[in-house]
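*Asks:* Would you be able to build a 3D model of this:
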Amino acid sequence: MKKSIFIISITSDIGTELAKFYFKKCNVYGTYRSKTKNYYHLKKIGIKLYKCDLNNRPSINNFIKQINDLPKWNYLIVSAGTQNPIGRFENVNFKSWRDGFNINFINQLELLHVLLNKRIKSKKNSPRVLFFAGGGTNNATINYSSYTIAKIASIKMVELLDEEIKDTVFSIL
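*Replies:* Next up is the predicted model:
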């Protein structure tokens with residue numbers, strides 16, 4: 001039986017490349033923010049797409065309401081992210097700073113929290129979750145504070161999840 005992969009932000013460049021790579025080997029599903037060129041390409045090849053804009057509370061809520069209709073998964077890949085706002089912390093709009101942090105950390109965890117109930121548990125092959133930390137987590141990346149802090153928090157959260165939820169493997173790249 002084919003394994004299933006659910007990709008949060010499947011229409012991002014990383015998400016789309018992963019979807020194309022796994023499409024022949026696995027059932028691939030994912031979320032999209034807007035109908036871009038990547039959306040139309042993935043739709044055309046038969047990938048099931050679900051609307052979920054991580055910067056839009058009603059969109060997140062609508063996605064969560066569909067939980068019973070969502071497919072079960074063996075692998076969950078979280079490829080969402082934004083580097084905005086870019087600028088010195090003291091000069092950026094704080095609402096934009098908070099929105100960036102939420103996209104890169106809080107809202108991703110909210111989707112994970114909901115989707116964990118859809119994982120396929122198996123004694124032979126544990127379900128796996130992959131996050132992306134991106135660059136800038138090892139030094140001060142000036143002008144990218146929201147992004148950097150969210151990704152550092154993601155690293156620690158993945159460590160905690162991997163210890164707390166023993167039937168699932170959590171990784172961050």
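*Asks:* And the strands in this structure?
*Replies:* 3-8, 26-32, 48-51, 75-78, 128-131, 169-172 (DSSP state E).
*Asks:* what's the closest of those strands to residue 108?
*Replies:* strand 75-78 (5.2 Å; Cβ to Cβ). From N, CA and C alone the C-beta is placed, and that goes for glycine too.
*Asks:* ok, that closest one: who's next to it in the sheet?
*Replies:* strand 3-8 (parallel), strand 128-131 (parallel) (DSSP bridges).
*Asks:* Would you format these as JSON lines with distance to residue 54, mean neighbour count and mean pLDDT included?
*Replies:* Shown next, in JSON lines, are those (distance: least, Cβ to Cβ, whole Å; neighbours: other Cβ atoms under 10 Å; pLDDT from 0 to 100):
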{"stretch": "strand 3-8", "distance to residue 54": "8", "mean neighbour count": "24", "mean pLDDT": "97"}
{"stretch": "strand 128-131", "distance to residue 54": "13", "mean neighbour count": "21", "mean pLDDT": "98"}
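*Asks:* longest helix in the chain, by residue count?
*Replies:* Ranked by number of residues, the top helix in the chain under DSSP state H is helix 145-164.
*Asks:* May I have it exported as CSV, CA atoms only?
*Replies:* What follows is helix 145-164, C-alpha atoms only, in CSV (Å, rounded to 0.1, in the frame of the first residue of the first chain):
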residue,chain,number,x,y,z
SER,A,145,14.4,38.9,14.0
SER,A,146,10.9,37.5,13.7
TYR,A,147,12.0,34.8,11.3
THR,A,148,15.1,33.9,13.3
ILE,A,149,13.4,33.7,16.7
ALA,A,150,10.5,31.6,15.3
LYS,A,151,12.9,29.1,13.7
ILE,A,152,14.9,28.9,16.9
ALA,A,153,11.7,28.2,18.8
SER,A,154,10.8,25.6,16.2
ILE,A,155,14.1,23.7,16.8
LYS,A,156,13.4,23.5,20.5
MET,A,157,9.8,22.5,20.0
VAL,A,158,10.8,19.7,17.6
GLU,A,159,13.2,18.4,20.3
LEU,A,160,10.4,18.5,22.9
LEU,A,161,7.9,16.8,20.5
ASP,A,162,10.3,14.0,19.7
GLU,A,163,10.7,13.3,23.4
GLU,A,164,7.0,13.7,24.3
